[in-house]
Structures are given as C-alpha cells and as structure tokens.
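>>> Fold the stuff below for me.
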Amino acid sequence: MSNTRKSAAAVASVVVAGLLAGCGGGESEESRGPQPIVGAESSAGALTVTVDTCHGDPEVDVVETQADVTVTVTSTYRNPNDACLDVIEVPIADPLGDRVLVDGVTGDAVEVVLVG
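Residues are numbered from 1 along each chain as shown. Predicted coordinates:
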C-alpha cells in the first residue's frame, strides 16, 4: 500500500472514530425521569417550579403536610444544548405560606422567591 493510501486510511479511521465519539457512544440525547427543581416562586395562591428540561412534558407529584410541600417532577431531558427551561404551575391545596418546599428528587429544601 502506498504512503498516500496509508495516510488516507489513517485519516478515514480518525474521522469515523470522531463521529462515533460525537454520538455519545450510542446513548440517546433524551431520557425521561425525575428532574431536580432549579427554581421556585410562590404568590398568594400559586406555586411555580422550574426544571432544567426543554419542552419535556413535565408531570408533578405533590405531597403536602402542615410543615412542608414535597414536589417531584418527572420530565424528558432533551439535548443539553437547549437554552430553555420548563416552568410548571404546581397545584397545591393551600398556599405555601411558612411551609418548606422540598425537592422530591434531591430531598433538599428549595429556596422560594415570593412574588406579588
């Protein structure tokens, strides 16, 4: 095999390997599952949470007690290059008030911005 053909074969091998690596090893860029809350707002009768998914069809599971409100969000995480968030109105029976908002995914308390 000539040096030119060897060089062309080596370049082709590098290009194919690069393309395969760019595909994430066959992993999908989408996955549905629990997503941590990245922001929250509360007004007189509404609670809104934000998650780092983009048009991910989020669904919430809410557990309310006298001391806290636990919100677990399930959504589809798409390509991480998306520059948008999903904002979800969370139905709660009573205003958040002095209760703590707990992220059901992480178990952590979430800082809530009071609006209005």
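
>>> all contacts plus neighbour counts: C-alpha atoms, from now on.
Noted.

>>> now this structure, which segments are flagged as low pLDDT?
Counting by pLDDT under 70, the ranges of the chain that qualify are 1-28, 80-82.

>>> can we see that at 80?
Along the chain, segments meeting pLDDT under 80 span 1-29, 44-45, 78-83.

>>> can you map out the strands along this structure?
Per DSSP state E, the chain carries strands over the ranges 31-35, 37-42, 47-51, 59-64, 68-77, 86-90, 100-103, 109-110, 113-114.

>>> Count the neighbours of residue 30 for me.
Neighbour count for residue 30, taken as other Cα atoms under 10 Å: 12.

>>> which residues does it contact?
By Cα atoms under 8 Å, 6 or more residues apart in numbering, the contact list for residue 30 reads 76, 77, 78, 79.

>>> Let's have those residues in JSON lines, adding neighbour count and distance to residue 111.
Shown next, in JSON lines, are those (neighbours: other Cα atoms under 10 Å; distance: Cα to Cα, whole Å):
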{"residue": "76", "neighbour count": "20", "distance to residue 111": "23"}
{"residue": "77", "neighbour count": "22", "distance to residue 111": "23"}
{"residue": "78", "neighbour count": "17", "distance to residue 111": "25"}
{"residue": "79", "neighbour count": "13", "distance to residue 111": "27"}
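
>>> Let me have those residues in JSON lines, adding distance to residue 114 as columns.
Below are the contacts of residue 30 laid out as JSON lines (distance: Cα to Cα, whole Å):
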{"residue": "76", "distance to residue 114": "28"}
{"residue": "77", "distance to residue 114": "27"}
{"residue": "78", "distance to residue 114": "29"}
{"residue": "79", "distance to residue 114": "31"}
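
>>> gap between residue 103 and residue 42?
Distance, residue 103 to residue 42, using Cα to Cα, to the nearest Å: 15 Å.

>>> list the contacts for residue 57?
Neighbours of residue 57 in contact, by Cα under 8 Å, 6+ apart: 75, 76.

>>> re the thing from before, ok, the contacts of residue 30 vs residue 56, which is closest?
Of all these, residue 76 has the smallest distance to residue 56: 4.3 Å, by Cα to Cα.
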